[in-house]
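Asks: Task: produce atomic coordinates for the following.
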Amino acid sequence: MPAYDPSNVFAKILRGELPCVKICEDDRTLAFMDIMPRADGHALVIPKAPSRNLLDIGPEDLAAIHVAAQRIARAAMQAFDADGITVQQFNESAGGQVVFHTHVHILPRHDGVPLRPHTGDMAKPDVLEAHAARLRAVLERVAP
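Replies: Below is the predicted model of the structure:
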């Protein structure tokens, strides 16, 4: 497996070299809005420690991102009045991974509404901020 590349986009976000629309963070994880959302409220959870994907992440960081993903998923159910949640995690190019820093996608879903295609189109920052605000509002009302 190739080595972790610290120049990936998520590593740059963690170092503050690139912006993100942050939802929340703790000492091990960062949750933020996907800039190319396939559903309203599409969020990402990443570990702060470097890892390429599920194949090389340490057990403590793996546990931390899944605890954070569950918290974001629960908030998304309320914030977006979702009927369900899709959780995705891709590993290596053949597995669909594009950014080689471990990450989990949280996608609020509604019955009968398909995911938007991955076209590479970026959402407007004000839309992402509004979606993040909805998630943060729910997270502020519930204990971690």
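Asks: When you work out contacts or count neighbours from here on, use the C-alpha atoms and nothing else.
Replies: Noted.
Asks: Spell out the secondary structure type for the residue nearest to the spatial centre of the chain.
Replies: The chain has residue 44 as the residue nearest its centroid, 0.4 Å off, counting by Cα atoms, centre = their mean. Put simply, residue 44 is strand when judged by DSSP: H, G, I helix; E, B strand; the rest coil.
Asks: can you give me the strands for the chain?
Replies: 22-25, 29-33, 43-47, 84-88, 104-109 (DSSP state E).
Asks: circling back: partner residues bridging the residue nearest to the centre of the chain?
Replies: Beta-bridge pairing of residue 44 under DSSP bridges involves residue 32, residue 105.
Asks: Residue 128 against residue 39, yeah?
Replies: No. Here residue 128 does not reach residue 39: they are 11.2 Å apart, not a contact under Cα atoms under 8 Å.
Asks: These two: which is more packed in?
Replies: The neighbour comparison of residue 128 against residue 39 (other Cα atoms under 10 Å) goes to residue 128, with 25 against 18.
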